[in-house]
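Trainee: Any chance you can model this:
(one chain, ligands or ions: 1)
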Amino acid sequence: MERALTDGIERVVIGAEAIARRVRELGSQISEEYRTGAAKDPRGRPLLVVGILKGAMPFMADLVRAMDFPLEYDFMAVSSYGNGTSPGEVRILKDLDCAIGGRDVLIVEDIVDTGHTLQHLLAGLSARGPASLRVCTLLDKPHRREVEVPVDYVGFVLPENLFVVGYGLDYAEVYRNLPFVGVLKPECVREA
Ligand code: PRP
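Mentor: Prediction:
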């Protein structure tokens, strides 16, 4: 039987319009700041925006189009969880194509949760000697943090300990293509 993707959703937490508005705000703020001081590359090379696959893809695609200055982008893929529910080894599955020594770098994430993934990424990328290294995440769950990590730009703080899907976030790899962020029906969590 055919099923619509939204059939599995109990409620929308952040709607598509609210996401679009916030992405435009973040794009303007980041553009303003990099034009007036955040950029540190002595050679003046464009900002490198680094999307963390797979979750950051929709946010990153919208965010870079809301940024009004020359930039480059690339992607990294990491596996952050050992068994799907608790933090495990953080491994790099796909690395950057270029060196970042002396360059301005902005990491783009869909969500910062325990902070383990970001901590690992920041340590690894800092060691390569970028001129500056900042972080932008669509969603932040600060109350879930197990390690302290600096986050420079946050789209939305999730007020409760919600498990959300959509706009890049998955449950068992599904629901990433929802245009909003929402909560699954309990029966769909069991089914999937
Ligand atoms: C998610 C998210 C972050 C990480 C955050 O990735 O994209 O990278 O978890 O969690 P943490 O702060 O507890 O480390 P996930 O490993 O689910 O991969 P995905 O982006 O491919 O969905």
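Trainee: So what's the gap between the helix or strand hosting residue 136 and the chain middle?
Mentor: Residue 136 is part of strand 132-140, with elements assigned from DSSP states H and E. Centroid separation for strand 132-140 versus its chain: 7 Å, with Cα atoms, centre = their mean, to the nearest Å.
Trainee: C-terminal to the helix or strand encompassing residue 108, what's the next element?
Mentor: Using DSSP H and E, residue 108 sits within strand 104-112. Counting by DSSP H and E, the element after strand 104-112 in chain order, helix or strand, is helix 116-126.
Trainee: That next one vs the ligand: in contact?
Mentor: Yes - residues of helix 116-126 contacting the ligand under Cβ under 6 Å from any ligand atom: 116, 117, 118. For every residue, glycine as well, the C-beta is placed using N, CA and C.
Trainee: what lines up beside the strand holding residue 136 in the sheet?
Mentor: strand 104-112 (parallel), strand 153-157 (parallel) (DSSP bridges).
Trainee: The protein against the ligand: which residues are in contact?
Mentor: 52-55, 80-81, 87, 109-118, 170.
Trainee: can we see that at 8 Å?
Mentor: 52-56, 77-81, 87, 90, 109-119, 141, 144-146, 149, 168-170, 173, 176 (Cβ under 8 Å from any ligand atom).
Trainee: Filter the residues you listed down to the buried ones, PyMOL style.
Mentor: Listed next is the PyMOL selection for buried residues among the residues of the chain next to the ligand, using 16 or more other Cβ atoms under 10 Å:
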select buried, resi 52+55+56+78+80+81+87+90+109+110+111+112+113+114+115+116+117+118+119+141+145+149+168+169+170+176
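Trainee: Tell me which helix or strand comes right after the longest helix anywhere in the chain.
Mentor: Secondary structure assigned by DSSP state H gives helix 16-35 as the longest helix of the chain. Moving toward the C-terminus from helix 16-35, the first helix or strand encountered (DSSP H and E) is strand 47-53.
Trainee: ok, back up a step: pull the CA atoms of the strand holding residue 108 into PDB?
Mentor: What follows is the C-alpha trace of strand 104-112 in PDB, where atoms were taken according to Å, rounded to 0.1, in the frame of the first residue of the first chain:
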ATOM      1  CA  ASP A 104      38.500  30.300   7.000                       C
ATOM      2  CA  VAL A 105      36.300  27.300   7.700                       C
ATOM      3  CA  LEU A 106      32.700  27.100   8.700                       C
ATOM      4  CA  ILE A 107      31.300  23.700   9.800                       C
ATOM      5  CA  VAL A 108      27.600  23.200   9.000                       C
ATOM      6  CA  GLU A 109      25.700  20.600  11.100                       C
ATOM      7  CA  ASP A 110      22.000  19.700  11.200                       C
ATOM      8  CA  ILE A 111      22.100  19.000  15.000                       C
ATOM      9  CA  VAL A 112      24.500  19.100  17.900                       C
END
